[in-house]
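**Q** sequence plus predicted model, see below.
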Amino acid sequence: MRLKLILAAVLLGGIALAQGQLPEPKDGVTIYVVRSGDSLWNISKRFFNSPLLWPRLWELNPFIDNPNLIYPGEVLALKSIPPKAPTIPVVKIAPEIGVKKIEEVQPPPPVVYYSRGGDVGFIAPDEWEDMGAILSSEPPKILLGEGDTVYTNVGSEDNVQPGDAFTIFRSSKVVLHPITGRRVGYKVANLGEIEIIEVLGKRMSSAKITGSYREITRGARIRPLESFVKEVVIKKGIEKADGYVVESLNNVELTGKGDVVYVDIGEQDGVVPGNTLSIYEHPRYAYDPDAGRNVVIPGALIGKIVVFNIRKDTATGIIVESARQIEKGDVVSVDL
């Protein structure tokens, strides 16, 4: 009988929430079930009449690790009588003219998460320096993956110790600029990671593959582990920079939303992880009969990239919006 009463209460609560109303509070607390598209910002605005109370809502629900990431189906606790909204605007008065300026209050910045952040790769100006290679496996096989035991040609001579971690990678083709034809660098593909199990000699050790993003084969190069970004907070650029899409992760000519691409602007251009880049069609010429000459038609906005990894003069990003297929040679510009 008690179980039936509990189920009835939950169902009635769900109906009330679906109508956008709070159910009767119990001990001064009620609940809300998160729907698709919800955020702490808009839930606070909806029920507390002030989106600025989202930190209080987060405090009431300590299981939330990241206030930017809540998921449909999660149950949030809400105070039936919210605390008084804080006085947020900071008023600055210019005495000479008596005009009040109120600082704009922004919601928490959005976060972009890419679960396979380690495999996005990058373009290095020269061949990425390695420390050794994978020689074989136990048992011997061609394709290797997570959990496999392998043998490497690094050992005591390289001051390697059990527990040391290495990045597995492969340097592939030279990347040529699609507009100028000059060499941009070498494309580096991150394949996975290994951890040394035992040092077997000056130039020999056994290791276990602790992660794999792409197919790993004997001969793959290794170097001390380098961490790669999987999550970035979106941030505006600090200086204008323009460049081009020069290559894609999967070596295809046409890419779209969700694909990884490489551009020819980077750290020296002020680009940082979390910057967004607008993608434009390459400008083209059209004949103006009245002027009697060709004129430049500016490229249309066709997509957006979020930057995850940067090098000195290149960056790796993920296409998060695309109005049409993105091509090598399309123009990118840092959003300010």
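**A** Thanks, I have it.

**Q** D126 - how many residues pack around it?
**A** 8 (other C-beta atoms under 10 Å). Using the backbone N, CA and C atoms, a C-beta is placed for each residue, glycine as well.

**Q** E253 too?
**A** Counted with other C-beta under 10 Å, E253 comes out at 11.

**Q** for it, give me phi and psi.
**A** Main-chain torsions, E253, degrees, to the nearest 10: phi -80, psi -30.

**Q** please give me every residue in contact with it.
**A** 327-328 (C-beta atoms under 8 Å, 6 or more residues apart in numbering).

**Q** which of the residues in stretch 224-231 are buried?
**A** Buried residues in stretch 224-231, counted by 16 or more other C-beta atoms under 10 Å: 228-229, 231.

**Q** do the same with stretch 257-277
**A** 259-266, 269, 271, 273-277.

**Q** strands - which of those land there?
**A** The strands, defined by DSSP state E, take in 260-263, 276-277 from these.

**Q** what's the closest of those to V175?
**A** Nearest to V175 out of these is Y262 (C-beta to C-beta; 7.3 Å).

**Q** contacting residues for the residue nearest to the closest one when sequence neighbours are not counted?
**A** Spatially, and ignoring its direct neighbours in sequence, Y262 is nearest to E247 (4.6 Å; C-beta to C-beta, 6 or more residues apart in numbering). Listed by C-beta under 8 Å, 6+ apart, the contact set of E247 reads 123, 175, 184, 187, 261-262, 328.

**Q** name the SS class of E247, please.
**A** Under DSSP: H, G, I helix; E, B strand; the rest coil, E247 falls in the strand class.

**Q** from G155, how far out is A165?
**A** When distance is defined by C-beta to C-beta, to the nearest Å, A165 is 16 Å away from G155.

**Q** now swap in D148 and tell me
**A** In terms of C-beta to C-beta, D148 sits 19 Å off from G155.

**Q** which stretches of the protein form helices?
**A** Along the chain, counting by DSSP state H, helices occupy 2-18, 40-48, 54-60.

**Q** which one of these has the lowest average pLDDT?
**A** With a mean of 39, helix 2-18 has the lowest mean pLDDT of the helices of the chain.

**Q** give the buried residues for stretch 242-256.
**A** 243-249, 255.

**Q** tell me the one of those nearest W41?
**A** Of those, the one sitting nearest to W41 (C-beta to C-beta) turns out to be T255, at 32.2 Å.

**Q** does the closest one touch V246 like I think?
**A** No: using C-beta atoms under 8 Å, T255 is not in contact with V246, being 12.0 Å away.

**Q** domain ranges for this protein, per the record?
**A** According to automatic domain parsing, the chain comprises the domains 2-79, 119-224, 234-334.

**Q** can you lay out the ones in strands among the buried residues of stretch 257-277 as CSV showing pLDDT?
**A** Putting these into CSV (pLDDT from 0 to 100) gives the following:
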residue, pLDDT
V260, 90
V261, 93
Y262, 94
V263, 95
T276, 92
L277, 94
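
**Q** dump those to a markdown table, plus distance to Y213.
**A** Converted to a markdown table, those look like this (distance: C-beta to C-beta, whole Å):
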| residue | distance to Y213 |
| --- | --- |
| V260 | 11 |
| V261 | 17 |
| Y262 | 16 |
| V263 | 21 |
| T276 | 24 |
| L277 | 24 |
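
**Q** residue ranges with poor pLDDT in this protein?
**A** 1-29, 79-109, 111-119, 230 (pLDDT under 70).

**Q** would you tell me which strand is longest in it?
**A** What stands out as the longest strand in the chain, according to DSSP E, is strand 183-201.

**Q** quick one: buried residues of that strand?
**A** Neighbour-count burial for strand 183-201, counted by 16+ other C-beta under 10 Å, picks out 184-194, 196, 199.

**Q** hey, C-alpha coordinates of it in CSV?
**A** Listed next in CSV are the C-alpha coordinates belonging to strand 183-201 (Å, rounded to 0.1, in the frame of the first residue of the first chain):
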residue,chain,number,x,y,z
ARG,A,183,54.3,23.2,-47.1
VAL,A,184,52.3,23.7,-43.9
GLY,A,185,53.8,20.7,-42.1
TYR,A,186,53.4,17.1,-41.3
LYS,A,187,50.1,15.6,-40.2
VAL,A,188,50.3,13.8,-36.9
ALA,A,189,47.7,11.2,-35.9
ASN,A,190,47.4,10.2,-32.2
LEU,A,191,46.8,6.5,-32.0
GLY,A,192,46.7,5.8,-28.3
GLU,A,193,48.8,5.5,-25.1
ILE,A,194,51.0,2.8,-23.5
GLU,A,195,52.4,2.3,-20.0
ILE,A,196,55.7,0.6,-19.3
ILE,A,197,55.3,-2.7,-17.4
GLU,A,198,58.9,-3.8,-17.1
VAL,A,199,62.4,-2.6,-18.3
LEU,A,200,64.0,-5.6,-20.1
GLY,A,201,67.3,-4.1,-21.2
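
**Q** and that strand, what does it pack onto?
**A** Contacts defined by 3 or more C-beta pairs under 8 Å, 6 or more residues apart in numbering; DSSP states H and E place strand 183-201 against strand 122-124, strand 149-152, strand 165-176, strand 204-212, strand 242-248.

**Q** could you rerun that using 6 Å?
**A** Counting by 3 or more C-beta pairs under 6 Å, 6 or more residues apart in numbering; DSSP states H and E, the packing neighbours recorded for strand 183-201 are strand 122-124, strand 165-176, strand 204-212.
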